[in-house]
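Asks: Predicted model and sequence below, questions to follow.
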Amino acid sequence: MTRAELAATAAAISNAKGAPGFEEEVHGVLRPLLEGVGTVEEDRMRDLYVRRGENTGTGPTIMLDAHMDEVGFMVHSICPNGTLRFIPLGGWVACNIPAHRVQVRTAEGRYIPGVVASKPPHFMSEAERSQPVSIEQMVIDIGARSDREAAEDFGIRIGAPVVPDVETAYDAEKDLLIGKAFDCRLGCLVLAEALRSLRGEKLPLDVVGAFSTQEEMGTRGAYVTAQTVQPDVAIVLEGCPCDDTFLPEDRIQTRLKGGPYLRHIDRRMITSPRFQRYALDLAREEGIPVQEGVRTGGSTNGAPIHLFGRYVPTIVIGIPVRYIHTHYGIASCQDLEHAIQLTTALLRRLDGAQCEAF
């Protein structure tokens, strides 16, 4: 896949609307990418699986994980004036939410535009001006004038999913992607492309890709996918937050265009030390740029996966993204390429004995 094709595919996956629990549109983009890779199926939670056609059922199983959902919102209630109260789905900082466009799903399943609104400064008291606006003080305005009009004419229902209204753009000269849902649609792209690049190759491992749901709501989908796949080892592919624009130089660990990021720890998982070292050494052997660091917060689907059964050695290959969990992220195709290279190198190199050694 050329870099232009990679960027176009990243845009298609990222532009799909998929708040936690409502990932169907992402399915529609991923399924064509998985044609010819193997057997594709889904479970009742709408997690999506692909099992390589070359799997023999005799070797250890390695699970590749990426989640399909994005941070979004849900309609809580319809106000008498036609605006919509909402709750967050996933980890938002309140100050990043207002004055942005969103898309709200109607009862018919189509999405309509709205704007996240708060009281204009003209009507604020001095005390209100000095305080940050909370989510409870925000509404989504779709242009309706009453609750009846919002429900009957616009087709809005309580419980409707809401996502940022953003179209991904790519600057080929600077190799910069700017768009929404890079956490974790870029991980989905790396997973799909790694499997596509290995079509026809015999591997000593059985490889199962799992595109999970509801990661942003407590890694819920991965509890189900781990039980379904029952992996012996796992690689989590994730959009991970860059810290290169707000930390002192000596504390920066995740830079844009610095290569995939392998964390040693986060809030809910100590990465398998032996698997982590193996991956870092292989990257350097193959000339693939990588970054490593220690996270004091956050978590990934690695949390439930690594605790499945009697323990699953797990690593996280992160694609650096600036400003995760906002409407706009910034990423680079060269980081995507290097993440794909590292993932495929690991799949080609790992065997049963090595997995057992982890």
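Replies: Here it is on my side, so go on. Residues are numbered from 1 along each chain as shown.
Asks: contacts and neighbour counts: CA atoms only from here.
Replies: Fine.
Asks: helices or strands next to the one helix or strand Tyr278 maps to in the packing?
Replies: Counting by DSSP states H and E, the element that carries Tyr278 is helix 273-286. Packing contacts for helix 273-286, counted by 3 or more C-alpha pairs under 8 Å, 6 or more residues apart in numbering; DSSP states H and E, involve strand 314-321, helix 333-349.
Asks: the strands in the stretch 51-200 of the chain, which residues?
Replies: Ranges of strands in the stretch 51-200 of the chain, per DSSP state E, counting those that start in this stretch, are 61-67, 72-78, 84-89, 101-105, 111-117, 139-141, 161-164, 169-171, 176-179.
Asks: Give me the distance from the first one to the chain's centre.
Replies: Here the centre of strand 61-67 is set off from its chain's centre by 13 Å, with C-alpha atoms, centre = their mean, to the nearest Å.
Asks: before we move on, what about the last one?
Replies: Averaged C-alpha coordinates place strand 176-179 at 15 Å from its chain's average position (C-alpha atoms, centre = their mean).
Asks: Break down the stretch 151-300 of the chain into its helices, ranges please.
Replies: 182-197, 220-229, 273-286 (DSSP state H, counting those that start in this stretch).
Asks: follow-up on the earlier one: next, format the helices and strands packed on helix 273-286 as TSV and append distance to Met124 and mean neighbour count.
Replies: Output for those, formatted as TSV (distance: least, C-alpha to C-alpha, whole Å; neighbours: other C-alpha atoms under 10 Å):
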stretch	distance to Met124	mean neighbour count
strand 314-321	36	30
helix 333-349	44	21
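Asks: Among the helices of the stretch 151-300 of the chain, which comes closest to His76?
Replies: His76 lies closest to helix 220-229 among the helices of the stretch 151-300 of the chain, at 21.3 Å (C-alpha to C-alpha).
Asks: Quick one: list the elements packing against the closest one.
Replies: strand 206-212, helix 302-306.
Asks: the inter-axis angle of the longest one versus helix 220-229?
Replies: With axes from the mean of the first three to the mean of the last three C-alpha atoms, to 10 degrees as the basis, strand 206-212 and helix 220-229 are set at 150 degrees to each other.
Asks: ok, and for strand 206-212, which residues are buried?
Replies: Asp206, Val207, Val208, Gly209, Ala210, Phe211, Ser212 (16 or more other C-alpha atoms under 10 Å).
Asks: Identify the residues contacting it?
Replies: Strand 206-212 has contacts (C-alpha atoms under 8 Å, 6 or more residues apart in numbering) with 46-52, 54-69, 188, 191-192, 221-222, 225, 229.
Asks: Just the buried subset of those residues, please.
Replies: Buried positions within the contacts of strand 206-212, assessed by neighbour count (16+ other C-alpha under 10 Å), are 46-52, 54-55, 60-69, 188, 191-192, 221-222, 225, 229.
Asks: now, among the buried residues of strand 206-212, which is nearest to Gln137?
Replies: Ser212 (32.3 Å).
Asks: Name the residues linked to that closest one by a beta bridge.
Replies: His67 (DSSP bridges).
Asks: about what we covered before: in PDB, please show the C-alpha coordinates belonging to the helix holding Tyr278.
Replies: Only the C-alpha atoms of helix 273-286 are listed here, as PDB (Å, rounded to 0.1, in the frame of the first residue of the first chain):
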ATOM      1  CA  PRO A 273       8.900  -7.500  30.400                       C
ATOM      2  CA  ARG A 274      10.200 -10.400  28.200                       C
ATOM      3  CA  PHE A 275       7.800  -9.800  25.300                       C
ATOM      4  CA  GLN A 276       8.500  -6.100  25.500                       C
ATOM      5  CA  ARG A 277      12.300  -6.500  25.400                       C
ATOM      6  CA  TYR A 278      11.900  -9.000  22.500                       C
ATOM      7  CA  ALA A 279       9.900  -6.500  20.500                       C
ATOM      8  CA  LEU A 280      12.200  -3.600  21.200                       C
ATOM      9  CA  ASP A 281      15.300  -5.700  20.300                       C
ATOM     10  CA  LEU A 282      13.600  -6.900  17.100                       C
ATOM     11  CA  ALA A 283      12.700  -3.400  16.100                       C
ATOM     12  CA  ARG A 284      16.300  -2.300  16.400                       C
ATOM     13  CA  GLU A 285      17.500  -5.400  14.600                       C
ATOM     14  CA  GLU A 286      15.100  -4.600  11.700                       C
END
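Asks: when you give positions from now on, start the count at 414
Replies: Will do, 414 is the new start, and the previous item becomes helix 686-699.
Asks: Nearest residue to Gln516 in space, ignoring adjacent ones along the chain?
Replies: Spatial nearest neighbour of Gln516, excluding adjacent residues (C-alpha to C-alpha, 6 or more residues apart in numbering): Pro526 at 4.6 Å.
Asks: My read is that Ala752 contacts Ala605, right?
Replies: No. Between Ala752 and Ala605 there is no contact under C-alpha atoms under 8 Å: 11.8 Å.
Asks: what would the helices and strands packed on helix 686-699 look like in JSON lines with mean pLDDT?
Replies: JSON lines is the format used below for the helices and strands packed on helix 686-699 (pLDDT from 0 to 100):
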{"stretch": "strand 727-734", "mean pLDDT": "98"}
{"stretch": "helix 746-762", "mean pLDDT": "98"}
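Asks: any idea how far Glu454 is from Asp460?
Replies: Distance, Glu454 to Asp460, by C-alpha to C-alpha, to the nearest Å: 9 Å.
Asks: Over to Arg668?
Replies: Here the criterion is C-alpha to C-alpha. By it, Arg668 lies 31 Å from Asp460.
Asks: what residue lies at the spatial centre of the protein?
Replies: Cys597 (1.4 Å; C-alpha atoms, centre = their mean).
Asks: for it, what are its contacts?
Replies: Neighbouring residues of Cys597 by C-alpha under 8 Å, 6+ apart: Ala479, His480, Met481, Asp482, Glu483, Leu650, Glu651, Gly652.
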